[in-house]
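Visitor: This is the structure alone, sequence omitted:
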């Protein structure tokens, strides 16, 4: 069983790498930038390079789907880099190819707020993909950097699906029909994503779950079954959004970056300003087996469970990470 | 005949790329930084990426020796990146692996002046490789970034050869016994380089030539024969230092960077402040055949000429650009 997680942002440590090994997690797309500029993001890659050097028996960076297959064969976890915000490319389209060379394979066009490229899901008005956004989408298509619209607004997301010549991803979110959070996606987005052969990763971040931390595994798996009917069984996977062991200062950086002097609560609130508790059926990387059991109990066939747990992501990696073929 | 040039810094243009094709030049190590910091150097790579995209029928970036072989098979010129100064890694050893990932394969530890790593050839006193220099040499050895001491001082160069666990290069210089310029190398350096399986590239930059721009091809080829006896025929190649079509403002940047407000003439003088004229037997990339003819007339055998023109560099690339094998 190939196990691929479409997004995590943990406070990385030997303990977490050990849990990945125990959980037989073959690949994780990890966030390496929220609001960092290019040089700050490079410093984060440097930290990962030190992990790859010091934990070479456990971890390996993946640039291609075949790297993920090789990692699995060697009993390692493959790490794929991604940005939740386009801040690391600054205002410079040439950095798209540079970050791809460095191994970045996913980039969100906006994170909650308006960016140079697209609108975030918390803005009042979403005017759609910007002039630079259209140029950057073309360049991302060319080099094989996947467009991720997890934190973007409705119109920007629909336009990104339309403009992009290659399938895009929503790496970590859930459908709004199940839990109407601003970050969760409309039926229209889900259908457009599936029809364009895009990928949707299901989040286990409590703010995206019905009943939050108290969400039941049954409800989560029923939601996956309902979403599969809209998006298509071959276009769904996991994107846990696991933020294990992070101090609350990190969620403050994620939400407020350097764009406000005030506190922005994002998906939280004054009553719940920090990271929420994980649901008991998904605490850390050792819990992927619970999801598999939940999908089985929901009535999915074993081939479908393999698709959801990793095979769909792997096929998407095969199709997405290389240079664009001539049309 | 594999033709590899161990260093050029031209004012790159379609005309020069055309001349490379006409001259059947299979590979050029090009300088992408003199005094640039990391972010500025990345902008230079971005410019090269645009060349690779727009002249994909002529040029291709090489990361490995096999990329050079493939370029030759496809009738293209392979471009390998290098720094003449360690300024792009700033004070951050983690940037060594980052720039290697971006394709940088040569880095000089110092350029004329003292750097954070080593001493340049124009300093009065050379105290040898610095503390950071020793760390960076180990890291360059680990990832496969070649140490280049072309512009470094005598003691720093000898120490670099000694400290480095992998062979180093002097990509572009000539022996001081032939022409006693500060940049040219002593017998001791040449012998130590050859004994350590390092590579020496012969410069055709007039300030490095006996009689400058008026140097004869016969004298140049006699010098190669004399140097081969010291360094070994398998450890020599070309490193033309061709700076074609550059305005004099560029040689000012090379010499003065941001380290002085005054004019530094470097290898020039008040009488000759700009770029000197090339010798008539090596004007541009179409002239490599002249060198081959000169070597033939000097009495080299054809196998030796193939070594000097490219095969030695190619073997060195094979041995140098990959991760260090476990000792």
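Guide: In hand now; what should we look at? Note that the coordinates shown come from a computational prediction; the quantities given were computed from them, not determined experimentally.
Visitor: Show me the strands in the stretch 151-300 of chain A, by range?
Guide: A:169-173, A:199-202, A:236-238 (DSSP state E, counting those that start in this stretch).
Visitor: Provide a list of residues in contact with the residue in the stretch 51-200 of chain A positioned nearest to chain B.
Guide: Per C-beta to the nearest C-beta, residue A:94 is where the stretch 51-200 of chain A lies closest to chain B, at 3.1 Å. (Glycine included, C-beta is placed from N, CA and C.) Counting by C-beta atoms under 8 Å, 6 or more residues apart in numbering or on different chains, residue A:94 makes contact with B:43, B:46-47, B:49-50.
Visitor: from these, which single one is nearest chain A?
Guide: Nearest member of the contacts of residue A:94 to chain A, counting by C-beta to the nearest C-beta, is residue B:46, at 3.1 Å.
Visitor: The closest one reaches residue A:95, doesn't it?
Guide: Yes - the pair residue B:46 / residue A:95 is scored as a contact, 7.1 Å apart, by C-beta atoms under 8 Å.
Visitor: Who has more neighbours out of those two?
Guide: residue A:95 (24 against 16; other C-beta atoms under 10 Å in any protein chain shown).
Visitor: Secondary structure of the more buried one: a helix, I assume?
Guide: Yes - using DSSP: H, G, I helix; E, B strand; the rest coil, the secondary structure at residue A:95 is a helix.
Visitor: For residue A:53, pull up the helix or strand it's in.
Guide: Assigned by DSSP states H and E, residue A:53 belongs to helix A:38-54.
Visitor: Can you check what angle separates that helix from helix B:38-54?
Guide: Calculated by axes from the mean of the first three to the mean of the last three C-alpha atoms, to 10 degrees, helix A:38-54 forms an angle of 90 degrees with helix B:38-54.
Visitor: Flag the shaky bits of chain A, pLDDT-wise.
Guide: A:327 (pLDDT under 70).
Visitor: and stretch A:143-159, how far apart are its ends?
Guide: 20 Å (C-alpha to C-alpha, to the nearest Å).
Visitor: Which residues belonging to that stretch are considered buried?
Guide: A:143-154, A:156-159 (16 or more other C-beta atoms under 10 Å in any protein chain shown).
Visitor: Surely residue A:219 touches residue A:211?
Guide: Yes - between residue A:219 and residue A:211 there is a contact under C-beta under 8 Å: 7.2 Å.
Visitor: who's more crowded, these two?
Guide: residue A:219 (17 against 12).
Visitor: Please name the nearest non-neighbouring residue to the more buried one.
Guide: Distance criterion C-beta to C-beta, 6 or more residues apart in numbering or on different chains; nearest residue to residue A:219, sequence neighbours excluded, is residue A:210 at 5.6 Å.
Visitor: Show me which residues of chain A sit near chain B.
Guide: A:38-39, A:42-43, A:45-47, A:49-50, A:92, A:94-95, A:97-98, A:101-103 (C-beta under 8 Å from any C-beta of the partner chain).
Visitor: What distance do you get for residue A:300 to residue A:221?
Guide: Residue A:300 sits at a distance of 8 Å from residue A:221 (criterion: C-beta to C-beta, to the nearest Å).
Visitor: Apologies, that question was intended for residue A:113.
Guide: For residue A:113, the distance to residue A:221 - C-beta to C-beta - is 33 Å.
Visitor: Tell me which of the two has more neighbours.
Guide: residue A:221 (22 against 19).
Visitor: Please give me every residue in contact with the more buried one.
Guide: A:291, A:294-295, A:297-298.
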